[in-house]
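*Asks:* build the 3D model from these lines:
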Amino acid sequence: MPLSTTEIGKLLKEFFLSPVQEQLNRETIALDMFEKARVNWAGRVAIIPVHTGATGGDVDFSDAGTVPAARNQTFDKLNVEARRLLARFQVDGMVMTAARKGNTDQVINWMEGSMDLLAEDVRDKMNQAVFSGGEVVGFCTFRTADEGGGPGAVTAAFFGDITKLQAEVNGGGGGNPTADLIDVDTGAVLGGAVTNIAFAAGDVAACQVELTLGAGIAVGDAAKVWALELTSRKAGIEYSEEPVGIYGNIASTALFGITRAGTPLNGNGFKPENAAQRMALSLDHIQEAIDGVLNESGEDIDVIFMNPLQRQSYTALLTANIQTMSDKAGRGDGGFTGLSYGGVEIRSSRACGRGGMILMSMKHWKLLQLDKGGFADFDGSALSRVANTDAAEGYYRHYYNTACTRPNAQAVIAGINIR
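*Replies:* All right, here's what the predicted structure looks like:
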């Protein structure tokens, strides 16, 4: 039976929207792991209350039965704005004609391949945004030899989205890319902004960056982990239009409108070695971070994220801790497919940077969706004609953002040797 453009659009939604959504749910970190929060939207903004402290009374023991004064809890509101993810696709005119002549198999076969590629592109973009979406592109660590000096250039080890940072450095337009460095533990900004960001030969491969600081690195700053938050857009990209990623939720100057400094809305940064920019990973470093989060927030870590190449460093540590029972062994295997630390699942993503780890308490991460993602059909059809082209087109859209309601239950380990 011949199909009209409208009917082809309906076929697209009927047969391919659910598989695309299922594939994204399975392969996109935010859709797979984050809680799908039910919130009230005011236009495109979701309001989420967060606890920021307490003053006054306390819980106490009293033989006399004296009830202590009431403790006043303080709350603030995260104003989380939905961001717009869009991906366009086209249907060739010949495919449309074949469908109109009743050859539905041809259009279904075309759609199957095209929708798989669309889902891959959307997945990759979403996973990248899960980690480095927004202005915070990663984390920097320094060495003690750099402390105490005045303004000037310094080399920093980098853990984060170095591809995104490189695009900013190499972007068109005049001026220098600038940034702030934020102490992950306190939300305080390093005195004097980063007035220029550059890469020397070999820096990208070594995951390091050249920063020109408006003020020097103070004594003690080499022991800290610093979030790199872009403050200019030399590449012409509006990073504020991206969903806020894990890096930005854990450390930025402000969390959805709330200034972090002086609040408990800060993450936890751990650097194995102060004297060097990086050092080899050890199991003690992971344990230190897990214990640090528990001591700071009373929460347990559920998941550790790292780059696939970083797993090699971790698996090398396991060889000294593996016991073999030769009398029960039935098969030998030279590698690992599943990794954990003390029962905490370790997951890898190529969107996670090299040279560090992200430790997360997942119950505090929210996926806020104004819609669940789908093919746009404002005019009743998922397809429309392309001007001056023998094709029809449609697009996939998803309005969402990601938010962490307890950054102090999360941690970053940076300054680890890369593989």
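*Asks:* for the residue nearest in space to the middle of the chain, phi and psi?
*Replies:* A centroid search over the chain (C-alpha atoms, centre = their mean) returns Phe131, at 1.6 Å, as the residue closest to the centre. When read as degrees, to the nearest 10, the backbone of Phe131 gives phi -90, psi -50.
*Asks:* how much space separates it from Met306?
*Replies:* In this view, Phe131 and Met306 are 11 Å apart by C-beta to C-beta, to the nearest Å. In this view, the C-beta of every residue, glycine as well, is placed from N, C-alpha and C.
*Asks:* run a quick neighbour tally on Gly191.
*Replies:* For Gly191, the neighbour count with other C-beta atoms under 10 Å is 13.
*Asks:* so it versus Gly216, what's the distance?
*Replies:* Gly191 is 8 Å from Gly216, by C-beta to C-beta.
*Asks:* ditto for Glu27
*Replies:* Distance check for Glu27 against Gly216: by C-beta to C-beta, it reads 45 Å.
*Asks:* then Tyr399?
*Replies:* Distance, Tyr399 to Gly216, using C-beta to C-beta: 44 Å.
*Asks:* same check on Tyr314?
*Replies:* Tyr314 sits 35 Å away from Gly216, taking C-beta to C-beta as the criterion.
*Asks:* which one's more surrounded, the two?
*Replies:* Neighbour comparison, Tyr314 and Gly216: the larger count goes to Tyr314, with 21 against 18 (by other C-beta under 10 Å).
*Asks:* would you say the more buried one is within a strand?
*Replies:* No. Going by DSSP: H, G, I helix; E, B strand; the rest coil, the assignment for Tyr314 is helix, not a strand.
*Asks:* so it touches Leu281, yeah?
*Replies:* Yes. Counting by C-beta atoms under 8 Å, Tyr314 touches Leu281, with 6.6 Å between them.
*Asks:* what about Val67, distance to Gly57?
*Replies:* For Val67 relative to Gly57 (C-beta to C-beta), the value is 9 Å.
*Asks:* the two: who's more crowded?
*Replies:* Set Val67 next to Gly57 and count neighbours by other C-beta under 10 Å: Gly57 wins out with 12 against 8.
*Asks:* how near is that one to Arg123?
*Replies:* Using C-beta to C-beta, Gly57 is found at 50 Å from Arg123.
*Asks:* what's the answer for Val169, then?
*Replies:* Separation of Val169 from Arg123 (C-beta to C-beta) stands at 27 Å.
*Asks:* buried residues, the strand ranked longest in the chain. List them.
*Replies:* Taking DSSP state E as the criterion, the chain has its longest strand at strand 391-404. By neighbour count with 16 or more other C-beta atoms under 10 Å, strand 391-404 contains the buried residues Ala392, Gly394, Tyr396, His398, Tyr399, Tyr400, Asn401, Thr402, Ala403, Cys404.
*Asks:* and it, how far out from the chain middle?
*Replies:* Distance of strand 391-404 from its chain centroid, counting by C-alpha atoms, centre = their mean, to the nearest Å, is 18 Å.
*Asks:* and for stretch 178-186?
*Replies:* Relative to its chain's centre, stretch 178-186 lies at 17 Å (C-alpha atoms, centre = their mean).
*Asks:* dump that stretch to PDB, restricted to CA.
*Replies:* Extracted C-alpha coordinates of stretch 178-186, given in PDB (Å, rounded to 0.1, in the frame of the first residue of the first chain):
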ATOM      1  CA  THR A 178      40.400  32.200  30.100                       C
ATOM      2  CA  ALA A 179      39.200  30.200  33.100                       C
ATOM      3  CA  ASP A 180      38.900  30.000  36.800                       C
ATOM      4  CA  LEU A 181      40.400  27.300  39.100                       C
ATOM      5  CA  ILE A 182      38.100  26.200  41.800                       C
ATOM      6  CA  ASP A 183      39.100  24.300  44.900                       C
ATOM      7  CA  VAL A 184      37.000  21.100  44.800                       C
ATOM      8  CA  ASP A 185      36.900  20.900  48.600                       C
ATOM      9  CA  THR A 186      35.800  24.400  49.400                       C
END
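*Asks:* and for it, what are the contacting residues?
*Replies:* 136, 139-140, 188-190, 193-197, 211, 224-232, 250-253, 260-261, 266-269, 412 (C-beta atoms under 8 Å, 6 or more residues apart in numbering).
*Asks:* from these, which would you call buried?
*Replies:* Neighbour-count burial (16+ other C-beta under 10 Å) applied to these gives 136, 139-140, 188-190, 193-197, 211, 224-230, 232, 250-253, 260, 266-269, 412.
*Asks:* which ones among those lie within helices?
*Replies:* If you go by DSSP state H, the buried ones among the contacts of stretch 178-186 have Ile250 in helices.
*Asks:* where in the chain is pLDDT low?
*Replies:* Within the chain, the stretches with pLDDT under 70 are 1-21, 95-113, 172-174, 234-237, 320-337, 378-382.
*Asks:* just to revisit the earlier point, relative to Ala54, how far out is the residue nearest to the centre of the chain?
*Replies:* According to C-beta to C-beta, Phe131 stands 32 Å off from Ala54.
*Asks:* and for Asp377?
*Replies:* Taking C-beta to C-beta, one finds Asp377 at 49 Å from Ala54.
*Asks:* which ones are touching Val244?
*Replies:* For Val244, the contacting residues are Gly133, Gly134, Ser252, Phe256, Asn401, Thr402, Ala403, by C-beta under 8 Å, 6+ apart.
*Asks:* tell me the SS of it?
*Replies:* Val244 ends up coil, using three-state DSSP.
*Asks:* from Thr141, how far out is it?
*Replies:* Using C-beta to C-beta, Val244 is found at 22 Å from Thr141.
*Asks:* neighbours around His285, how many?
*Replies:* Neighbourhood size, His285 [other C-beta under 10 Å]: 19.
*Asks:* next, give phi and psi for the most far-flung residue of the chain relative to its centre.
*Replies:* The outermost residue of the chain relative to its centre, with distances by C-alpha atoms, centre = their mean, is Ala64 at 52.7 Å. Main-chain torsions, Ala64, degrees, to the nearest 10: phi -80, psi -10.
*Asks:* cool, and Glu147?
*Replies:* When read as degrees, to the nearest 10, the backbone of Glu147 gives phi -80, psi 150.
*Asks:* perfect, that will be all.
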